[in-house]
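how would this look folded up:
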Amino acid sequence: MNAFYKSFLIPVIVVMGTAFQGCVKDTCKRELPATIYTAVRKSLTDVRADVRMVAATEVHHPGKIYIKGSYIFLNELNKGIHVFDNRNPAAPKQISFINIPGNVDLAVSGNALYADSFMDLVVFDITDPVNVKLNKRVENVYDVRYNYQFTQVRDSLIVDYLARDTVYQLDCSSIPTGGPVMYSDANSVTLQNASAKSNYSAVAKGGSMSRFTVMNSTLYLIDNAEIKAYNIQQPDNPQFANTTKVAFGIETLFPYKNYLFVGANAGMYIMDASNPTAPVLKGTFSHVRSCDPVVVEDDKAYVTLRSGSACQGFTNQLEVVDVKNVEAPFLIKTYPMKNPWGLGIDNGKLFICEGKFGLKFLDASNTTDIKTVKLLEGIETYDVIPYNDVLLVSAKDGLYQYSYTDLQKPKLLSKIPVTDVK
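Residues are numbered from 1 along each chain as shown. I've put the predicted structure just below:
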């Protein structure tokens with residue numbers, strides 16, 4: 001079962017086919033192919049005990065990415081984090097895998113790696129990326145996991161599903177419902193909505209789809225309609241500081257100067273984090289309902305709106321917003337897009353993931369006349385991180401790195417492949 005952005009909780013039965021044609025009065029039967037998913041459960045104690053570093057393993061379902069110094073940390077959706085030595089971007093070397101059940105998001109500060117594990121926050125010492133050590137677990141950080149689903153029944157969790165294909169026979173008189181027919185697990189409660197030594201003195205960046213971010217010795221986490229702040233002056237020992245209510249549908253976090261730019265399905269929120277553990281809402285930019293990652297450079301915010309997702313929107317476009325006055329942001333210009341996901345900006349060079357439509361390289365030096373100078377097709381892209389003239393791209397079939405010294409002629413440096421899993 002290969003799904004790039006699959007939700008962790010798959011309904012117990014998904015009917016996928018169309019009716020078998022041809023029937024005889026009173027005795028007619030038709031066949032519907034279907035897939036049965038059987039839940040794999042583990043006790044909460046066993047899940048928590050399963051967090052550990054193991055040998056490097058193949059990438060199957062790549063998710064969010066974080067780069068720190070010469071190392072790449074790549075989420076394996078709901079499974080953990082791959083660690084790569086990227087001192088030579090043309091030949092990245094996979095060195096380990098951190099097994100973290102239920103992991104979707106991550107961030108790094110100093111030599112501490114922060115990651116979610118279902119409802120918990122786990123902290124690792126990555127002073128030596130070859131020998132990552134679990135330092136601390138903060139239990140029950142999340143009241144409800146949302147974005148990626150999981151199921152909790154008392155002291156156990158559904159951690160995976162096993163798939164089995166079958167065929168159902170139905171009377172011809174049954175009326176097709178059109179589209180998938182889903183049946184949920186009646187015995188469960190679904191928590192849902194809509195992953196060599198170094199001093200790491202170099203760049204530290206997360207992608208535009210991040211729900212974790214670090215700024216001013218504070219770790220920020222999105223939880224439902226709130227942002228939770230943890231004091232990390234002692235990086236290996238985060239201390240809960242405050243919860244700030246923002247709005248339902250907040251999705252992504254991007255730090256810039258002393259502000260948090262919060263992407264949401266109804267707009268962009270600008271939080272003043274001058275008091276790091278108590279950010280205050282300063283401005284709002286509203287748009288039609290849609291998924292909404294955001295990045296910022298030189299007092300300009302770049303926002304992509306995407307249809308065809310849990311955000312229930314129908315708009316595909318790039319919005320450029322003037323945020324010089326954070327209390328009164330205003331739209332500069334809108335540009336049509338195909339189906340944009342994550343994006344990145346570096347010194348006027350803009351990069352937009354267009355999902356199955358490829359990867360766009362754009363000249364944004366003039367925000368009123370942004371031009372696409374290169375479109376790479378044949379690659380289904382999710383998120384990007386530009387750094388030091390190298391673009392890190394999380395895609396359906398692998399993790400790509402491109403040199404963008406010449407924006408019109410990006411050069412492929414390397415690709416870490418994804419191993420297909422049925």
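
The helix or strand containing F97 - contacts with which helices or strands?
Using DSSP states H and E, F97 maps to strand 93-99. Strand 93-99 sits against strand 52-54, strand 80-85, with contacts defined as 3 or more CB pairs under 8 Å, 6 or more residues apart in numbering; DSSP states H and E. Quick note: C-beta positions are derived from backbone N, CA and C, even for glycine.

what is the rounded mean pLDDT of that strand?
Summarised as a single mean, pLDDT over strand 93-99 is 95.

now do stretch 56-70
Stretch 56-70 comes out with an average pLDDT of 90.

Okay, buried residues for that stretch please.
Using 16 or more other CB atoms under 10 Å as the test for burial, stretch 56-70 gives V59, H61, P62, G63, K64, I65, Y66, I67, K68, G69, S70.

How far away from the center of its chain is it?
12 Å (CA atoms, centre = their mean, to the nearest Å).

Render the CA-only coordinates of it in PDB, please.
Included here for stretch 56-70 are C-alpha records, laid out as PDB according to Å, rounded to 0.1, in the frame of the first residue of the first chain:
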ATOM      1  CA  ALA A  56      19.700   2.700   8.900                       C
ATOM      2  CA  THR A  57      16.700   1.400   6.900                       C
ATOM      3  CA  GLU A  58      15.000   2.100   3.600                       C
ATOM      4  CA  VAL A  59      12.800   5.100   3.100                       C
ATOM      5  CA  HIS A  60       9.200   4.100   2.400                       C
ATOM      6  CA  HIS A  61       6.800   7.100   3.200                       C
ATOM      7  CA  PRO A  62       8.900  10.300   3.400                       C
ATOM      8  CA  GLY A  63       7.300  13.200   5.300                       C
ATOM      9  CA  LYS A  64       8.700  16.400   6.800                       C
ATOM     10  CA  ILE A  65      12.300  17.400   6.700                       C
ATOM     11  CA  TYR A  66      14.700  19.300   8.900                       C
ATOM     12  CA  ILE A  67      18.300  20.300   8.100                       C
ATOM     13  CA  LYS A  68      20.800  21.100  10.900                       C
ATOM     14  CA  GLY A  69      24.400  21.800  10.000                       C
ATOM     15  CA  SER A  70      25.600  18.900   7.800                       C
END
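
if we can go back for a sec, sheet partners, orientation included, of the strand holding F97?
Its sheet considered, strand 93-99 pairs with strand 52-54 (antiparallel), strand 80-85 (antiparallel) by DSSP bridges.

List the contacts of it.
With CB atoms under 8 Å, 6 or more residues apart in numbering as the test, strand 93-99 has contacts from 50-57, 76, 79-86, 113, 115, 124, 129-130, 132, 196, 416.

again, only using 10 Å
Contacts with strand 93-99, where a contact means CB atoms under 10 Å, 6 or more residues apart in numbering, come from 50-59, 71-76, 79-87, 106, 113, 115, 117, 122, 124, 126, 128-132, 134, 196, 416.

do you know how far A364 is from V393?
From A364 over to V393 the distance is 18 Å, taken as CB to CB, to the nearest Å.
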